[in-house]
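Peer 1: here's my sequence, what's the structure:
(2 chains)
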Amino acid sequence: MTAGRTLFEKVWEDHLVVAGGDEPDLLYVDLHLVHEVTSPQAFEALRVAGRSVRRPDLTLATADHGTPTINRLLGITDPQSRRQVGALLTNCGTAGITVFGPDDPRNGIVHVIGPEQGATQPGMTIVCGDSHTSTHGAFGALAFGIGTSEVEHVLATQTIRQRRPRSMSITIEGDLPTGVTAKDLVLGIIAQIGVGGGAGHVIEYRGSAIGGLSMDERMTVCNMSIEAGARAGLIAPDHKTFSYLEGRTHAPSGADWERAIEYWTSLPTDDTAEFDTEVVVDASGLSPFVSWGTNPAQTVPVTAEVPSPDQSDDPLIRDAIQRALDYMDLQPGTLITDISIDRVFIGSCTNARLGDLRAAASVIEGKKVHDNVSAMVVPGSALVKLEAEAEGLDKIFIAAGFEWREPGCSMCLGMNDDVLGPGERCASTSNRNYEGRQGRGGRTHLVSPQMAAAAAVAGHFVDVREWE
Amino acid sequence: MEPVLIVSGTMAPLPRAQVDTDQIIPKQFLKRIERTGFGEFLFYDWARDGEGEKDPGFVLNRPQYRKATVLVAGPDFGTGSSREHAPWALHDWGFRAVIAPSFGDIFRSNCHKIGLLAIELPEAVVDTLLALADEQPNAAVTVDLKHQKLSAPGVEESFEFDAYAKYMLLNGLDEIGLTMLEESVIAEFEDSRPTFKPRTSS
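Peer 2: Here you go, the predicted model:
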């Protein structure tokens, strides 16, 4: 019997324009997502070369990285960001690309708006000049981040040259324990395989724990595939995927819906398919995680202590741990729950969808943010914000003392005014705890929305499983 | 892109593991809409203190490394963000090759699109080069892409390199121009796409 095919292989082969043989394959791109930071140089290069955008109708743009989250009506005050967003609006206008500018009711983080508009669908190839494009893999799409030269290539040709990565399955069986979220699951995976563990691979997340996740939670998992070094992360489409999409703006309808369902149903990995690398994770053994260091693999369970450089024999790794401890101003052996925080950020393409905001609100309802803590919620999109307000989540957050902001990437990377001050320590639902990521000298601890919310109230990290 | 055949010059040592692209070019410098001018912001938060004063101890601020063309670093170099601004900054500063035991996938791809070589060598060899660059800042290094050979005093090593990227670099080819030659095949593929695939505008 011949081996079957994986979900990844099926999507790849269905987009082969030219099989490269010894060279990279030429793949067709179903959807090209664009934002203001990584696209202006690509549009400019096209202009210089006298080339045009081949398929504006397969391209969707939004302003998200540099947009302010307060006083939106005043416009963008930072002249450089204003120029960058202005360039996006002009470039898209000239090319005929749909763009959600800062004032558009559909504006939001690029990886939130794609699914929200139903533009992200199973079996598609999706690229964007942003490494968290892996988010869209939650729908069974092959979605990966590219550089600006590649953005230019896709704009001009609607194709991309890529060597086929190797395949990796990460199987998570069992149910996630109470208080353990999709964020903890993916942080646990990264801690296990490392920041380079997925390099050269496309990951497919499988197993009963994945099947049990909502679409919002699946996006959280796929979003952080890049933090394990993988180009993309996928999850097989199922009835949850279909019901999420049905009726959304760009989802198929009528006879097309039936044809789409038929195709989407054919996509999951065949029973006889083989992966190049296989990893197994026991869901029942997971706990809430908190990152202590300066990369996402430097993460431990909330019940653990800050580790010591002595845990490694490799001098460069020991040095990396010591550097992280110094930057984070932490001592080995400190209990995670003894670490006090100054700021809380609930937001980003990892954890700013409606499900995330509901989860955080459920933890803080009727409670108050600690006196020493400044906390903010930045919804992933204007539509998420609207939905949350319709449910009264904004009132819960505001009553507890959170700031309720306009959508955008915000303090995940601090390209707007939302930054940590030097030495400030933040419980953040974002995806990267690199040095200076949230502001020069700022100290980031990656956690789930529930853990961030609980820390906001307690003033230090707490085990949300014991939260009352 | 100009053809890239041989990179020669001297090395700058950066003996750190897991150098992410946020460190190579911090986010506050991503607001430019030009492709040039990023060099002065390379490793900004490591090269300068909170007041913007240069840290004389940081490798790029040491005069003996100012003219280095090859950066040598620890494993997992260039992980994280897809920002092509990172290779732009390295190239703009004057680097023409980066040597490390491993690279972030997107970073390596971005480097090769702009004519910056990302060369993987075993950790032991990289350690030797780091020590050499530290002890002899003037040690001459040559990275010969065509023959996939690196030479420095006491070091002769072959390296692996993606054959397609090598061909593009050696010939300085325009990848978009090449792909546009496939126009008829792309158009044929487009005609066969299912009708249920989304369109974002009419």
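Peer 1: same for the strand ranked longest in chain A, what does it pack against?
Peer 2: Ranked by number of residues, the top strand in chain A under DSSP state E is strand A:166-173. Applying 3 or more C-beta pairs under 8 Å, 6 or more residues apart in numbering or on different chains; DSSP states H and E, one finds that strand A:166-173 contacts helix A:182-193, strand A:201-206, helix A:208-211, strand A:277-282. Every residue, glycine included, has its C-beta placed from N, CA and C.
Peer 1: what packs against the second one?
Peer 2: Read that as strand A:201-206. By 3+ C-beta pairs under 8 Å, 6+ apart, strand A:201-206 packs against helix A:7-13, strand A:166-173, helix A:215-223, strand A:232-234.
Peer 1: now do the longest one
Peer 2: With contacts defined as 3+ C-beta pairs under 8 Å, 6+ apart, helix A:182-193 has these neighbours: strand A:166-173, helix A:215-223, strand A:277-282, strand A:289-291, strand A:299-301.
Peer 1: mind checking what secondary structure the residue in the stretch 351-468 of chain A that chain B sits nearest to has?
Peer 2: Here the stretch 351-468 of chain A gets closest to chain B at one residue, residue A:434, 4.4 Å apart by C-beta to the nearest C-beta. With DSSP: H, G, I helix; E, B strand; the rest coil as the basis, residue A:434 sits in coil.
Peer 1: is the nearest residue to it once chain neighbours are set aside in a helix, a strand, or coil?
Peer 2: Leaving aside its sequence neighbours, residue A:434 sits nearest to residue B:22 (C-beta to C-beta, 6 or more residues apart in numbering or on different chains; 4.4 Å). Secondary structure, three-state DSSP: residue B:22 is helix.
Peer 1: picking that back up, how far away is the residue of the stretch 351-468 of chain A closest to chain B from residue A:296?
Peer 2: Applying C-beta to C-beta, to the nearest Å, the value for residue A:434 to residue A:296 is 9 Å.
Peer 1: quick one: contacts for residue B:137?
Peer 2: Contact analysis of residue B:137 by C-beta atoms under 8 Å, 6 or more residues apart in numbering or on different chains lists B:10-11, B:62, B:64-65, B:68.
Peer 1: how close does it sit to residue B:65?
Peer 2: In terms of C-beta to C-beta, residue B:137 sits 6 Å off from residue B:65.
Peer 1: who touches both of the two?
Peer 2: residue B:10.
Peer 1: circling back to that earlier point, ok, the contacts of residue B:137 vs chain A, which is closest?
Peer 2: So of those, ranked by how close each gets to chain A (C-beta to the nearest C-beta), first place is residue B:11, at 17.0 Å.
Peer 1: for the closest residue to the closest one other than its chain neighbours, grab the count of nearby residues.
Peer 2: Excluding its sequence neighbours, the residue lying closest to residue B:11 (C-beta to C-beta, 6+ apart) is residue B:133, at 3.8 Å. By other C-beta atoms under 10 Å in any protein chain shown, the residues close to residue B:133 number 27.
Peer 1: what sits against residue B:133?
Peer 2: By C-beta under 8 Å, 6+ apart, the neighbours of residue B:133 are B:10-13, B:65, B:68, B:72, B:139.
Peer 1: what sits against the closest residue to residue A:436 other than its chain neighbours?
Peer 2: Using C-beta to C-beta, 6+ apart and skipping the chain neighbours, the partner closest in space to residue A:436 is residue B:45 (4.8 Å). Counting by C-beta under 8 Å, 6+ apart, residue B:45 touches A:435-436, A:440, B:23, B:26.
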